[in-house]
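**Student:** sharing a model prediction with you, sequence too.
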Amino acid sequence: MVKLNVNGNTVDVNADGDMPLLWVLREQLGLTGTKYGCGIAQCGACSVHIDGEVQRSCSVPISSLKSTDKIITIEGLSSNGDHPVQKAWLALDVPQCGYCQSGQIMAAAALLQTKPKPTDADIDAAMTNVCRCGTYQRIRAAVHSAAGSNGNQG
Amino acid sequence: MTLRKTTTNVSRRRFLISTAAAGGGLALGLYAPWPKKALAQTPLAADGSEVGAWVFIRPNDDVVIRIARSEMGQGTLTGLAQLVAEELECDWKKVRTEYPTPGQNLARKRIWGDMSTGGSRGIRGSQEYVRKGGAAAREMLIQAAANQWKVPAAECKAEASVITHVPSGRQTTFGKVASAAARLEPPTDIKLKDPKDWKIIGKPLLRLDTADKLTGKQVYAIDVKLPGMLNASIMDAPVFGAKVKSYDEAKAKAMPGVRHVVKVGDTAVAVVADSWWQANQALKALNIAWEEGPNDKVSSESIQAHLQAGLDAKDGTFIGNRVGEAGQAIAGAAKKLEAIYFAPFENHFTMEPMNCTALLTADRCEVWGATQNAEGGLAAAAEAAGLSPAQCEFHKLHLGGGFGRRGRQDYTTKAVLIAKQIPGVPIKLIWSREEDMRQCTYRPVGLCKLKAGLDEQGNLVGLQMRVAAPSILASAAPNRLDKDGRDSAAFQGLNPSGTEGRLGYAIPNLLIEHAIRNTHVPVGFWRGVNTNQNAIWLESFIDEIAHAADKDPLEFRRKLLANSPKQLAVLNAVAERIAWGTPPPAGVHRGIAQFMGYGSYCAGAAEVAVNDSGKLKIHRLIIAIDSGYAVNPQQVAMQTEGSVAFGLGAMLYQECTVKDGRMMQENLDTYPMMLMEDFPKVEAIVMPSGDFWGGVGEPTISVAAPAVLNAVFAATAKRVRSLPLKNTKLT
């Protein structure tokens, strides 16, 4: 039995310690907004926040987590989809298929925590999630919009 | 990355208890259960009235529009709803959508028509009958109100879901008369609006399906959860066509959570476990041995030789376009050119890997999946289950990408074949990313030899184009081959006539041929299909010819397009936007291309820079599309932007190579995607000229790569003829 703190709730999880957090979230906790894409921490569809830092949950075994680690998934990012990043995504109609967008939003939210006014170069460096539909241009615009920054720096 | 090992070993029983406890997540507000939503979909929305097949109206005035096609990101759901809503005269803010199932379509004699979604046909293939569906519902609602008021229907009008009796000013709403309207006979004589009167079609409205994609609430097939469901991971023969010889069932069965190890046909083995991750771990422990076969020795090199032979062969070749005597004209030309181009196999890499959930009992099969062809999915499920389609149902969900891959039903078949061996238990089959990349229907590899002849004045007097490549239709849809075996899809954008993909250039002597050279690798429809390679080959070579003739690539094309005004218009639009003919910024170079596909006219212009170490930076890409009508110009722009990532990702980095009969690339570490950092500034010029319905999801991909490749030539004097570009040094 492992205790995890997910979206502000302490939950008991019964699973192999080497099971990645992704599958615990999806299968045991029903938090299916976090997606499986590649399983090797490259695509970013499984991105969550652990103590405020964006991490790729497909490659985080639950044995590496403490009950005090605060895990936030897309479902816990805001109570009503009203995080500034989510609002910017909605206003700019960013998603196409949408499958990668939970991860994109989590990555963007983490970026804005550390860099409230990111430059284009900051966005390039931080937003390494794959979008196969190619929504990058609108993601970039939405990050700037959420930050209230213009798009012409860096 | 290696996962840390642990000594924890949870018993199956404890896992089950924890699964049950996870249901308690409901109380924590953590857990949005799937079945509730599933039931809401089946049968179709219940609390209201169906007014004709396409429109369902609730007492609170919500309008539910039925969407027969598949939404996979391309925005068809919103566009189709706009078409219906335009004629219905409903309040757009009250519009919702739902997918009818293929089982319901079958039971109602295909009242919703074709449910397949491919070839950029979602909107153009159904625009007329869905608009008529909206118009019929409007007439029925007006008639119901008129009956209630005992006035002639001609004195009433509908606007924004409100019906008004014009002489008296009396009003009612759609929701109030819907149940009476539902009992009326639909009108047969329906007149559609003049496009100049459109209020919803042609407007850049926001998509209807965005909100849930931002909160994790959107349910994709991979998110389906059913009571008692188990999870499966599968491995099929990595050498296409090979069969399972043996595997270590006992070892896999002893692993945590594992419930079943099942053979799937002759070619695959699956592990079924409590958790998908457990199933996939155990799958790796199976150590499956495969029967040796004739394909074990096939390699990219042997395929290349096979194609090479096709470049000059007389057998197995088919003509796509012929004017005059190209061979003779080139032989007698003052200046001759010849070049060979290459494009590799490519994978769709939908972000959501192939998956499907199936539940079988003795006389019923239900499937939850993501498909571009719901009726095909239903048929595949029925066949695999050994039941009639009437005993089956396919619940279609939003697709986490399709790109042509989900037109094939192999993953549905596999899920049903597994579930059939475990009756009464819902089985969710998810392909690992590695399995997804090994078991694709790949974009075909191809070689193309081009020859051209110029006269003394630099006029193009003859062009020959011979493609040697596998046939997609032969692999994916043999019933669509011509009687003589010709694959008409090979000539996308190169056809002499027709509205689908006509070669715009007037060339006095021309011969375009396809030498079908199939391999053991299954090939299929990959977003843009053959327009992608055809455009790269032809538009790069036209650029070569222009330079050989010492002519400006834009002017050279303009002259050849003199009789193709729509092609010329998109070409001129990108040339003007990029200021062709004026000096570009220092170190920046330009390239241009045009092509027609899916009934739409496209052109692209690129600005690139290549630094001293040969690193390419694509600064800017202008893409114009004339799709006749643009139902939602913002969605057309989004498709245009997105198509750039698809086309350029393949052109720059991606290749699936073959060794020992199998695909060597199994994940992103060897098959990288275009990321934010490399994505250029894209400007879409959406320029619908009216009077025809062209496709949008695919055609613009084709011009992105050749525009960039031609700019790379301008920058480096290097003509990249073998893709992906990463294999060519630009220094």
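**Tutor:** On my side now, so go ahead. Bear in mind that the values here come from a model prediction, so they are computed numbers and not experimental data.
**Student:** residues near residue B:431, how many?
**Tutor:** Using other Cβ atoms under 10 Å in any protein chain shown, residue B:431 has 24 neighbouring residues. In short, each C-beta sits where N, CA and C put it, glycine included.
**Student:** quick one, phi psi at the nearest residue to it once chain neighbours are set aside?
**Tutor:** Of all residues not flanking residue B:431 in the chain, residue B:354 sits nearest, at 4.4 Å (Cβ to Cβ, 6 or more residues apart in numbering or on different chains). Residue B:354 adopts backbone torsions of phi -60, psi 140, taken as degrees, to the nearest 10.
**Student:** ok, residue B:596 next?
**Tutor:** Here residue B:596 shows phi and psi, under degrees, to the nearest 10, equal to phi -120, psi 140.
**Student:** test my guess that it contacts residue B:504.
**Tutor:** Yes: here residue B:596 reaches residue B:504: they are 6.2 Å apart, a contact under Cβ atoms under 8 Å.
**Student:** who has more neighbours out of the two?
**Tutor:** residue B:596 (31 against 22).
**Student:** related to what we said a few turns ago, list the residues that contact both of residue B:596 and residue B:504?
**Tutor:** residue B:567 (Cβ atoms under 8 Å, 6 or more residues apart in numbering or on different chains).
**Student:** so who does the residue lying closest to residue B:616 once chain neighbours are set aside touch?
**Tutor:** Leaving out its chain neighbours, the residue that sits closest to residue B:616 by Cβ to Cβ, 6+ apart is residue B:610, at 5.3 Å. By Cβ under 8 Å, 6+ apart, the contact set of residue B:610 is B:589, B:616, B:617, B:712, B:715, B:716, B:730.
**Student:** tell me the buried residues within those.
**Tutor:** B:589, B:616, B:712, B:715, B:716, B:730 (16 or more other Cβ atoms under 10 Å in any protein chain shown).
**Student:** hmm, back to that, how about the contacts of residue B:610 in CSV, adding secondary structure?
**Tutor:** Formatted as CSV, these follow (DSSP: H, G, I helix; E, B strand; the rest coil):
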residue, secondary structure
B:589, strand
B:616, strand
B:617, strand
B:712, helix
B:715, helix
B:716, helix
B:730, coil
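**Student:** go through those and say which is closest to residue B:625.
**Tutor:** residue B:712 (23.0 Å; Cβ to Cβ).
**Student:** and that closest one, how far from chain A?
**Tutor:** 20 Å (Cβ to the nearest Cβ, to the nearest Å).
**Student:** what of residue B:718?
**Tutor:** 26 Å.
**Student:** grab the most central residue of chain B for me.
**Tutor:** Taking Cα atoms, centre = their mean, the centroid of chain B lies closest to residue B:403, which sits 2.7 Å from it.
**Student:** which residues does it contact?
**Tutor:** Residue B:403 neighbours (Cβ under 8 Å, 6+ apart): A:132, B:72, B:348, B:350, B:526, B:527, B:646.
**Student:** element containing residue B:135, please.
**Tutor:** In this assignment (DSSP states H and E), residue B:135 forms part of helix B:127-149.
**Student:** in that helix, which residues are buried?
**Tutor:** For helix B:127-149, by 16+ other Cβ under 10 Å, it's B:127, B:129-146, B:149.
**Student:** remind me what that helix packs against, helices and strands.
**Tutor:** strand B:55-57, helix B:76-88, strand B:156-159, strand B:162-165, strand B:170-173, helix B:174-182 (3 or more Cβ pairs under 8 Å, 6 or more residues apart in numbering or on different chains; DSSP states H and E).
**Student:** can I get the second one in PDB, CA atoms only?
**Tutor:** What that stands for is helix B:76-88. Coordinates of each C-alpha in helix B:76-88 appear next as PDB, following Å, rounded to 0.1, in the frame of the first residue of the first chain:
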ATOM      1  CA  THR B  76     -15.400  18.200 -39.100                       C
ATOM      2  CA  LEU B  77     -17.700  18.000 -36.100                       C
ATOM      3  CA  THR B  78     -18.000  21.700 -35.800                       C
ATOM      4  CA  GLY B  79     -18.100  22.200 -39.600                       C
ATOM      5  CA  LEU B  80     -20.900  19.700 -40.100                       C
ATOM      6  CA  ALA B  81     -22.900  21.200 -37.300                       C
ATOM      7  CA  GLN B  82     -22.500  24.600 -38.900                       C
ATOM      8  CA  LEU B  83     -24.000  23.200 -42.100                       C
ATOM      9  CA  VAL B  84     -27.000  21.800 -40.400                       C
ATOM     10  CA  ALA B  85     -27.500  24.800 -38.100                       C
ATOM     11  CA  GLU B  86     -27.400  27.200 -41.100                       C
ATOM     12  CA  GLU B  87     -30.400  25.700 -42.600                       C
ATOM     13  CA  LEU B  88     -32.100  24.800 -39.400                       C
END
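**Student:** now that helix against helix B:127-149, angle please.
**Tutor:** Angle of helix B:76-88 versus helix B:127-149, following axes from the mean of the first three to the mean of the last three Cα atoms, to 10 degrees, is 40 degrees.
**Student:** for helix B:76-88, give the mean pLDDT please.
**Tutor:** Averaged across helix B:76-88, the pLDDT comes to 98.
**Student:** okay, now the closest residue to residue B:631 other than its chain neighbours: neighbour count?
**Tutor:** Among residues not flanking residue B:631 along the chain, residue B:79 sits closest, at 4.3 Å (Cβ to Cβ, 6+ apart). If you count neighbours by other Cβ under 10 Å, residue B:79 ends up with 26.
**Student:** residue B:79 contacts residue B:633, correct?
**Tutor:** No: Residue B:79 lies out of contact with residue B:633 (Cβ under 8 Å); the separation is 10.6 Å.
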